[in-house]
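sequence and predicted structure, then a few things I'm wondering about:
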Protein chains: 2
Amino acid sequence: MSQIEDARAHTIQGLSHISNFWGFSKGMGAIFGALYLSQTPLSLDELVEQVNITKGAVSTNIRHLERLGLVQKQVIIGERKDFYTAETDFWKIAQGILREREKSEFDRAIHTVAESLVMIDTAGALSPEEAKLALFYQKRLQTLADFFKSLDRLVAALLSMESLVGSTFDRLLGRKE
Amino acid sequence: MSQIEDARAHTIQGLSHISNFWGFSKGMGAIFGALYLSQTPLSLDELVEQVNITKGAVSTNIRHLERLGLVQKQVIIGERKDFYTAETDFWKIAQGILREREKSEFDRAIHTVAESLVMIDTAGALSPEEAKLALFYQKRLQTLADFFKSLDRLVAALLSMESLVGSTFDRLLGRKE
DNA sequence: TAATACGTTTAGTTTGAACTAAACATAATG
DNA sequence: CATTATGTTTAGTTCAAACTAAACGTATTA
């Protein structure tokens, strides 16, 4: 029935949008969607057909998805093709994204601000106005650094909750009691 | 001293990158950076000069920044120009972004999944395999919906913490005791 | 009322990410 | 060993977002 196919297409298109919104390609969202709404693992060729993008693009996108933990490769014995399945635990997925993407980005941010602070620290003799400006920068940069460090701790805390995922948040938010 | 100017440039460039990473334009990050590292409010023309993009772009970007709560317009009496200052409370900023961007995006996601579920519900007579597929979709879509709803609650919870911001998280994460 | 100062809008351009098509590398099969 | 099946890499293309330049609207000043 077309109604059901429509629901599938609608969901996939929605996931494409979300993927895009979160800074990934639409293709990644669509591929994940196709896998998430498949009762069986899919091969690369099947994905090419279902999602309607070329093999190269699927290949690239799916490796990215794998690295993030959104998709798992299934090696089926006696089969030459690779098969893929979607991760269905979204809290796990969130962790994967936090780990692979946000973490390194926070590290980078912290590093950049630290560098800026060093530049100021190692500046030579300063005129009175320069000294005042330097002090101002230091204060602002320190605020920024503190913020990033807090975010970093938050992420680290979430990532260390491995075994609790799936229940912790839900309980925290009142979905289960 | 050039060392200090370098620190400023380095920070601004870092903020541009971060802005871009979070799905905003680099220009927005640069403009915010210029304001954040300014001891005085800046006019549009001063920003044009400092950030080195055209008036039109600054105008567009700064309105976006304002809407997100990253920047405030200061109407100075007796001055025809608008002046802008950067918000310096980053937890407030995070809230602004959550409110303006994430919230509506979650709403959209929830809505899309709900639509898909309706499509399945209203599908007519189904063959046995179709019925089985429909059931499978329903289960998966429900899982997805639950996840989005949890995220939505999380965001709502964070947004309702208005008065606590700045201390709550830090305490939560052990930065202060 | 003319001239100026300012912010916004618009038409066109630039740019980078994600795509396609096709060549390629590798392993399995006959 | 030639052929086929498969996934990856690459050179080139497409497309949308963000930019520029310039026109525009509006308020202020002379």
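Sure thing, it's come through.

which residues touch A:G27?
Listed by C-beta atoms under 8 Å, 6 or more residues apart in numbering or on different chains, the contact set of A:G27 reads A:16, A:51, A:53, A:57-58, A:61. Quick note: C-beta positions are derived from backbone N, CA and C, even for glycine.

typed the wrong thing, it's A:I18
A:29, B:105, B:109.

then A:I4?
Contacts were defined as C-beta under 8 Å, 6+ apart; by that measure A:I4 touches B:119-120, B:123, B:126, B:130, B:133-134, B:137.

let's see it at 7 Å
With contacts defined as C-beta atoms under 7 Å, 6 or more residues apart in numbering or on different chains, A:I4 is in contact with B:120, B:123, B:130, B:133-134, B:137.

what about stretch A:134-152, distance to the chain center?
From the chain centre to the centre of stretch A:134-152 is a distance of 25 Å (C-alpha atoms, centre = their mean, to the nearest Å).

just the CA trace of it, in PDB.
Taking Å, rounded to 0.1, in the frame of the first residue of the first chain, the C-alpha atoms of stretch A:134-152 are listed here in PDB:
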ATOM      1  CA  ALA A 134      45.500  43.100  27.600                       C
ATOM      2  CA  LEU A 135      43.800  42.800  30.900                       C
ATOM      3  CA  PHE A 136      40.400  43.200  29.400                       C
ATOM      4  CA  TYR A 137      41.100  40.500  26.800                       C
ATOM      5  CA  GLN A 138      42.400  38.200  29.600                       C
ATOM      6  CA  LYS A 139      39.200  38.500  31.500                       C
ATOM      7  CA  ARG A 140      37.000  37.900  28.500                       C
ATOM      8  CA  LEU A 141      39.100  35.000  27.300                       C
ATOM      9  CA  GLN A 142      39.100  33.400  30.700                       C
ATOM     10  CA  THR A 143      35.300  33.600  30.800                       C
ATOM     11  CA  LEU A 144      35.200  31.900  27.400                       C
ATOM     12  CA  ALA A 145      37.700  29.300  28.400                       C
ATOM     13  CA  ASP A 146      35.700  28.500  31.600                       C
ATOM     14  CA  PHE A 147      32.600  28.000  29.500                       C
ATOM     15  CA  PHE A 148      34.200  25.600  27.100                       C
ATOM     16  CA  LYS A 149      35.700  23.700  29.900                       C
ATOM     17  CA  SER A 150      32.300  23.300  31.600                       C
ATOM     18  CA  LEU A 151      30.800  22.100  28.300                       C
ATOM     19  CA  ASP A 152      33.700  19.700  28.000                       C
END
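
A:G14: neighbour count?
Neighbours of A:G14 under the rule other C-beta atoms under 10 Å in any protein chain shown: 21.

follow-up on the earlier one: lowest-confidence entry in the contacts of A:I18?
By pLDDT, B:E105 ranks lowest within those, coming in at 92.

name the nearest residue to that one, ignoring sequence neighbours.
Excluding the flanking residues, the one nearest B:E105 by C-beta to C-beta, 6 or more residues apart in numbering or on different chains is A:F21, at 5.6 Å.

thanks a lot, see you next time.
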